[in-house]
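In: below are the sequence and a predicted model for it; my questions follow.
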Amino acid sequence: MHLFPLYTHLVLLTLGNAFLVTLVAMALDAQGAAASQIGLVGSAFYLGMLGASFFADKLIQGLGHVRVLVLCCVTLTGAALALTWTDAMSLWFMLRMLAGMAAAVSFVAVESWVLGVAPLHRRSSAMARYMLVYYFSYGISQLFIDWIPATSSLGFWLAAGLCAAATLPLIGSRRPDLSAESEPGALSGKPSRADRALGLAGCLVAGMLLGGLYALMPIQLQQIAKPEEMGLYMAWLILCGMAFQLPNGSLADRWGKRTMMVGQTLMVGLGCLLLWEFKTGWSLILAFSLLGAGAFTLYPTTMSYACGKMHGRALVKMTQKLMFAYSIGSLTGPMIAGIMLEKYRFGLFLFIILLVAGWALWLLLVRLVLDKPLGNTA
């Protein structure tokens with residue numbers, strides 16, 4: 001219960017921020033912007049996240065978790081409202097980059113709060129709850145797309161209001177006590193260079209995959225679904241990813257993380273092939289189930305694989321490298337996918353298929369180099 005205010009804040013902030021991510025793409029498309037421009041503006045958000053990774057720790061250390069989260073809410077509120085004041089593409093790019101910075105700092109603050117106050121032996125459970133809350137909120141936020149026209153400024157006001165309301169649960173909250181030291185005698189458990197390279201590559205692929213889905217799937221959906229159903233399918237995509245989080249963790253512990261990476265790759269590839277070839281109701285539901293389950297679990301699987309049994313400073317450094325790789329992928333993915341979507345009718349699906357095919361070849365290469373079964377690495 002001591003984290004209830006923090007989770008309430010997370011729900012409200014995610015509802016506003018996640019809805020805005022999709023709304024921006026829909027609003028730009030309604031204005032007649034090219035798919036490459038939409039992808040560029042989508043990438044601006046992840047460019048901001050990348051930039052914030054260099055100063056988030058210092059900002060949190062100087063202001064404290066509560067003040068930083070309030071500052072992020074105010075920044076996201078202002079950036080959402082400012083989008084209604086101009087149609088200039090350059091200003092939209094700058095505002096989305098500013099929003100990305102605020103979002104990244106809030107992620108670091110919330111995640112360090114959750115991990116810092118949790119007992120060492122319960123940190124995985126704490127992060128699982130955090131991810132479930134986040135993905136649930138993200139999925140629900142996509143339903144707003146069906147209720148609010150993209151050509152109206154009402155959506156931007158709603159997103160701004162939710163971000164502003166996220167400050168209310170923080171009122172009276174005390175700064176978390178994160179001064180507890182690591183367990184005595186903990187070892188770094190540093191994995192091999194090949195394992196770390198595989199994890200970094202996986203986070204890069206996950207960033208490109210999710211960045212493309214977030215920014216351009218609503219545009220691609222216009223060609224295969226009814227306009228009033230787009231928000232429903234986006235919500236289903238994210239909710240399927242949320243539902244598979246806990247089963248994925250259990251299966252990864254039992255069968256091995258590299259085995260699950262192979263399974264996730266197959267699910268994403270099969271889901272895109274179904275979307276490409278079949279466009280009926282049931283095939284869409286199945287395709288989005290596979291795509292969501294595979295795409296949204298690739299990042300945590302590769303992250304835990306690359307970190308191995310690291311503790312203390314070694315774990316922090318490795319996590320920062322993985323976040324950097326994910327941010328690079330999130331930045332480049334929408335741009336490449338946007339260019340392909342502009343040239344080909346099903347450009348987003350083609351981009352994802354080529355991406356996971358390259359990732360599958362990398363997995364095969366690593367297996368041949370390491371010369372050990374896929375399921376052996378925990």
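Out: Looks like it came in fine.
In: next SSE downstream of the longest helix seen in the chain?
Out: As assigned by DSSP state H, the longest helix anywhere in the chain is helix 312-343. Next along the chain after helix 312-343, taking DSSP states H and E as the criterion, comes helix 347-370.
In: name the element residue 87 belongs to?
Out: Judged by DSSP H and E, residue 87 forms part of no helix or strand.
In: separation between the closest residue to it other than its chain neighbours and residue 83?
Out: Spatial nearest neighbour of residue 87, excluding adjacent residues (C-beta to C-beta, 6 or more residues apart in numbering): residue 31 at 6.7 Å. Where you see a C-beta, it was placed from the backbone N, CA and C, and this is true even at glycine. To residue 83, residue 31 is 11 Å away according to C-beta to C-beta, to the nearest Å.
In: more crowded one of these two?
Out: Here residue 31 and residue 83 are compared on neighbour count by other C-beta atoms under 10 Å; more neighbours surround residue 83, at 22 against 14.
In: just checking, the more buried one touches residue 92?
Out: Yes. Using C-beta atoms under 8 Å, residue 83 is in contact with residue 92, at 6.4 Å.
In: find residues that contact each of those two.
Out: residue 24 (C-beta atoms under 8 Å, 6 or more residues apart in numbering).
In: with just CA atoms, put stretch 96-108 into CSV.
Out: The C-alpha coordinates for stretch 96-108 follow below in CSV (Å, rounded to 0.1, in the frame of the first residue of the first chain):
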residue,chain,number,x,y,z
ARG,A,96,7.8,16.1,-28.7
MET,A,97,11.5,16.0,-27.9
LEU,A,98,10.9,18.0,-24.7
ALA,A,99,8.1,15.5,-23.8
GLY,A,100,10.5,12.6,-24.4
MET,A,101,13.0,14.1,-22.0
ALA,A,102,10.3,14.5,-19.3
ALA,A,103,9.0,11.0,-19.9
ALA,A,104,12.5,9.4,-19.7
VAL,A,105,13.3,11.2,-16.4
SER,A,106,9.9,10.1,-15.0
PHE,A,107,10.7,6.5,-16.0
VAL,A,108,14.0,6.6,-14.2
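In: report pLDDT for the spatially closest residue to residue 357 that is not a sequence neighbour.
Out: The shortest distance from residue 357 to any non-neighbouring residue, by C-beta to C-beta, 6+ apart, is to residue 269 (7.2 Å). pLDDT for residue 269: 92.
In: one more: residue 336?
Out: The model reports residue 336 with a pLDDT of 91.
In: give the contact list for the nearest residue to it once chain neighbours are set aside.
Out: Spatial nearest neighbour of residue 336, chain neighbours left out: residue 351 (6.3 Å); criterion: C-beta to C-beta, 6+ apart. Neighbouring residues of residue 351 by C-beta under 8 Å, 6+ apart: 212, 336, 337, 340, 341.
In: that older thread, between helix 347-370 and the one helix or strand the residue nearest to residue 357 maps to, find me the angle.
Out: Residue 269 is located in helix 257-277, with elements delineated by DSSP H and E. Counting by axes from the mean of the first three to the mean of the last three C-alpha atoms, to 10 degrees, helix 257-277 lies at 150 degrees to helix 347-370.
In: buried stuff in helix 257-277?
Out: Buried residues in helix 257-277, defined by neighbour count with 16 or more other C-beta atoms under 10 Å: 257-265, 267-272, 274-276.
In: show me what it is packed up against.
Out: Helix 257-277 is packed against helix 193-221, helix 245-255, helix 281-307, helix 347-370, with contacts defined by 3 or more C-beta pairs under 8 Å, 6 or more residues apart in numbering; DSSP states H and E.
In: residue 328: which of the ones you listed is closest?
Out: helix 193-221 (6.1 Å; C-beta to C-beta).
In: skip ahead from that closest one and say which helix or strand is next.
Out: Using DSSP H and E, the helix or strand that follows helix 193-221 towards the C-terminus is helix 230-243.
In: I'd like the mean pLDDT over that next one, please.
Out: pLDDT averaged over helix 230-243 gives 82.
In: then stretch 81-99?
Out: On average, stretch 81-99 scores 91.
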